[in-house]
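Asks: fold the following and give me the result.
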Amino acid sequence: MQKTYPCRLYFIYSVTDLFLLTYGCYLILRAVESVSQNWPTLAFESGRYGKHKLKSWFYQLIIWLFIVFLAKICTFSFNLVFASFFNYLAAAALYPFREDPKMELATVMVLIPILTTSIQLWWTDSFIQDQVPCKDSEDLKELSISLVSGEPVKEERRAHAEDFDGSGVTADTASKCRGSSI
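Replies: A predicted model of the protein is given here:
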């Protein structure tokens, strides 16, 4: 068996966390959401908080931490089972740095974690946020533009702005448009 170096191990864990952990979290989240629908008191949809926002958010946070814990266990187990294969891949990926250990260390400890963590956060955010498409995107866009430009909102749109909270979005429109971009 080939010797495993610390830089290779860190590289392996960074990359497997990106792919295996993120996908594992996605699968477990969807399974938990699906199973929870059978019990109305435990049912939830990721990113939707209802009228008890803090309580729902905390409930979903606890579920999410449990999901990440399970996915970490699965990823760690997978890394143990396929350690020699991953060690070979890490050695091949880090081969260009074989003559410069400081560059290898900087790449593995700084560059790779920045890239993998950024991608992982982006992917995770895309599946844990509320997935309801925005029905009133034109209302939201017009209201945001008029608030930024200082121009008055058209009369037919003014009714939507009555409960404006200062964020550029009415509470009604924001509740319909969570997770969408303008």
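
Asks: CA atoms of stretch 31-38 as PDB?
Replies: The C-alpha atoms that make up stretch 31-38 are tabulated as PDB, following Å, rounded to 0.1, in the frame of the first residue of the first chain:
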ATOM      1  CA  ALA A  31     -35.800  11.500   2.300                       C
ATOM      2  CA  VAL A  32     -36.400  13.200   5.700                       C
ATOM      3  CA  GLU A  33     -38.800  15.700   4.100                       C
ATOM      4  CA  SER A  34     -40.700  12.900   2.400                       C
ATOM      5  CA  VAL A  35     -40.900  10.700   5.500                       C
ATOM      6  CA  SER A  36     -41.900  13.600   7.700                       C
ATOM      7  CA  GLN A  37     -45.000  14.300   5.500                       C
ATOM      8  CA  ASN A  38     -46.500  11.100   7.100                       C
END
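
Asks: list the buried ones in it?
Replies: Across stretch 31-38, burial judged by 16 or more other C-beta atoms under 10 Å covers residue 32. C-betas here are computed from N, CA, C, even on glycine.

Asks: let's number from 29 now, not from 1
Replies: Got it, the first residue is 29 from now on, which makes the last one we talked about stretch 59-66.

Asks: contacts for that stretch, please.
Replies: When contacts are defined by C-beta atoms under 8 Å, 6 or more residues apart in numbering, stretch 59-66 is touched by residues 70-74, 91, 95.

Asks: go again with 6 Å.
Replies: The contact list for stretch 59-66 (C-beta atoms under 6 Å, 6 or more residues apart in numbering) reads 70-72.

Asks: of those residues, which is the most crowded?
Replies: Of all the contacts of stretch 59-66, residue 72 has the most neighbours under the rule other C-beta atoms under 10 Å, reaching 16 neighbours.

Asks: what about the protein, any weak spots by pLDDT?
Replies: 29-30, 32, 159-210 (pLDDT under 70).

Asks: secondary structure added to the contacts of stretch 59-66, as a markdown table?
Replies: A markdown table is the format used below for those (DSSP: H, G, I helix; E, B strand; the rest coil):
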| residue | secondary structure |
| --- | --- |
| 70 | coil |
| 71 | coil |
| 72 | coil |
